[in-house]
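> Test case, fold it:
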Amino acid sequence: MYDVETVRKDFPILSRQVNGTDLVYLDNGASAQKPRAVIDTVSDVYENGYANVHRGLHYLSNHATEAYESVRAKIAGFLGAASEDEIIFVSNGTEAMNIVSYGWAMPRIEPGDEIILSVMEHHANIVPWHFLRERHGAVLKWIDVDVNGDLDPQAVIDAIGPKTKIIALTHMSNVLGTVVDVATICAAARERGVVTVIDGCQSAVHMPVNVAEIGCDFYVITGHKLYGPSGSGALYARAERQAEMIPFKGGGDMIRTVEKDEITYNDPPMMFEAGTPNIVQMIGLGAAIDYVQGLGMDNIAAHEQMLRDYTRERLDGLNWLTVYGKSETKGAIFAFNVEGGAHPHDISTIVDRKGVAVRAGHHCAQPLMTHLGVNATCRASFGLYNTREEVDKLVEALELCRELFG
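Below you'll find the predicted structure:
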């Protein structure tokens, strides 16, 4: 049984008050709160086990290296990768996307080569491809979503042409909550020799993920949304794709030898991890993965689906609210605007006075905002510790906004 009240006790920040009322944290799509297990792990490393990794032979360095490198196997297991060597440590999802863009795509992109994107991508999965458009003449092909916010896999497959090199898609939209059938798309792409890059920064938080079943070439996760520390994340890179990549950053650890006239590179994944890494943050991410796997990703998904359905029911009762993204299989993410011209920033400020934290803005998804015909929205995004009662508090706060703005 999934006991959300017990889960909530694991998160110290949820016991605090904001503006004289209990905190209702609904900004998980931007970054999630941290359980005691992660906080204690980070603190313990700094207090009792910190040293630089890989280079030292003394006790603390060996201890830190073992703790740090053990996370690679945890992430591989969490994502269903064939080997921990297919896991590259990164500081966030943005860095992972840039590693793929620079390390795999840049040497192969020629003028006119195509990169297929959906209109609902996060900027982290747009800007690195724009670099290739600007600098190498790549062509970005955009696939729209339908009126419910769903992305038709066949529309993506039909867009594949002889010049298509890459398909880069979100697994779950950070605005609409849409879950994309990436497995069907990846299977078709592989048959056609097209490389697939999947942004899993939202999806890996909310549901089980298996990269072998998806069949992608690259899969990206970020730690701070996965109840882990900021400055942590991972890039899954299929071994055959790693062998085709060039390093993204140069420095210590990613080399084997350095001479005046030449250098030789380390083996993957170390070849893509230059310099002193985010040691403590990655160890903290390992603790976060242990935590969510202890709860069970299926259990988390079921709890959040209950929240999704209840939130949809409550928001549907507000006929003055415009909700964007109505996919039947979406995650528990709701973007909305209050009719009558109230700006999302004003709505966010008012609901904050009631202790409810939501996001307001374009959510690093400006092409999607253009597609929806708005400049910004409010967004309530749920996590494993949220409750039905918090949905009710959100609705109460929105009703206050309606009263104030007419």
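> Phi and psi next, for F89.
The phi and psi torsions at F89 (degrees, to the nearest 10) take the values phi -80, psi 140.
> residue boundaries of the helices in the stretch 201-350 of the chain?
203-206, 211-214, 239-242, 279-295, 297-316, 344-353 (DSSP state H, counting those that start in this stretch).
> of all these, which lies closest to V195?
Counting by C-beta to C-beta, V195 lies closest to helix 239-242 out of the helices of the stretch 201-350 of the chain; the figure is 7.0 Å. The C-beta positions use only the backbone N, C-alpha and C, and glycine is treated the same way.
> buried stuff in that closest one?
241-242 (16 or more other C-beta atoms under 10 Å).
> thinking again about what came up before, just name the most buried of the helices of the stretch 201-350 of the chain.
Each of the helices of the stretch 201-350 of the chain was assessed for mean neighbour count using mean count of other C-beta atoms under 10 Å. The highest is helix 203-206, with a mean of 26.
> tell me the pLDDT at the residue nearest the centre of the chain?
When the chain is reduced to its mean C-alpha position, the nearest residue by C-alpha atoms, centre = their mean turns out to be C201, at 1.2 Å. Here, the pLDDT recorded for C201 equals 98.
> do the same with V358
Predicted confidence (pLDDT) for V358: 98.
> Tell me how far stretch 320-331 lies from the chain's centre.
Taking the mean of its C-alpha atoms, stretch 320-331 sits 20 Å from the chain's own mean (C-alpha atoms, centre = their mean, to the nearest Å).
> ends of it, how far apart?
Stretch 320-331 has an end-to-end distance of 23 Å (C-alpha to C-alpha, to the nearest Å).
> With stretch 29-39 instead?
End-to-end distance of stretch 29-39: 20 Å, with C-alpha to C-alpha as the criterion.
> Name the residues of it that are buried.
Residues 29-30, 32-35, 37-39 are the ones in stretch 29-39 that count as buried (16+ other C-beta under 10 Å).
> before we move on, back to that, what's the residue nearest to the centre of the chain in contact with, if anything?
Counting by C-beta atoms under 8 Å, 6 or more residues apart in numbering, C201 touches 93, 122, 124, 174, 220-222, 225.
> In TSV, list these along with pLDDT, neighbour count and distance to H345.
Listed next are these as TSV, based on pLDDT from 0 to 100; neighbours: other C-beta atoms under 10 Å; distance: C-beta to C-beta, whole Å:
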residue	pLDDT	neighbour count	distance to H345
G93	98	24	25
H122	98	21	20
A124	98	21	23
N174	98	28	18
V220	98	31	29
I221	98	32	30
T222	98	28	25
K225	98	26	23
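> which one of those sits closest to T257?
V220 (30.7 Å).
> So what sits opposite that closest one in the bridge?
For V220, the beta-bridge assignment (DSSP bridges) gives partners D199, L235.
> Against M254, how distant is it?
For V220, the distance to M254 under the criterion C-beta to C-beta, to the nearest Å works out to 19 Å.
> re earlier: and the buried residues of stretch 29-39, which is closest to D144?
Out of those, the one with the shortest distance to D144 is G29. That distance is 21.7 Å, counting by C-beta to C-beta.
> State whether the closest one and I333 are indeed in contact, as I suppose.
Yes - A contact is recorded between G29 and I333 when judged using C-beta atoms under 8 Å, the distance being 5.7 Å.
> Next, show the common contact partners of these two.
Shared contacts of G29 and I333, counting by C-beta under 8 Å, 6+ apart, come down to 174, 202, 379, 381.
> which phi and psi does the last one have?
The reference is to S381. The main-chain torsion angles of S381 are listed as degrees, to the nearest 10 and equal phi -130, psi 130.
> next one: the third one
In terms of degrees, to the nearest 10, the main-chain angles of R379 are phi -140, psi 130.
> give me the beta-bridge partners of it?
Following DSSP bridges, R379 is listed with bridge partners A335, R359.
> Check the burial of it by counting its neighbours.
Using other C-beta atoms under 10 Å as the criterion, R379 is surrounded by 27 other residues.
> circling back to that earlier point, nearest to E5, of the helices of the stretch 201-350 of the chain?
Shortest separation from E5 across the helices of the stretch 201-350 of the chain is recorded for helix 297-316, at 11.8 Å, computed as C-beta to C-beta.
> contacts for that closest one?
Taking contacts as C-beta under 8 Å, 6+ apart, the residues outside helix 297-316 that touch it are 2, 4, 177, 206-208, 292, 321, 323, 330-332, 334, 336, 380, 382-384, 386-388, 391-392, 394-395.
> Make a ChimeraX selection of the buried ones in the residues you listed.
Selecting only the buried members of those in ChimeraX, with burial defined as 16+ other C-beta under 10 Å, works like this:
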select :177,206,207,208,292,321,323,330,331,332,334,336,380,382,383,384,386,387,391,394,395
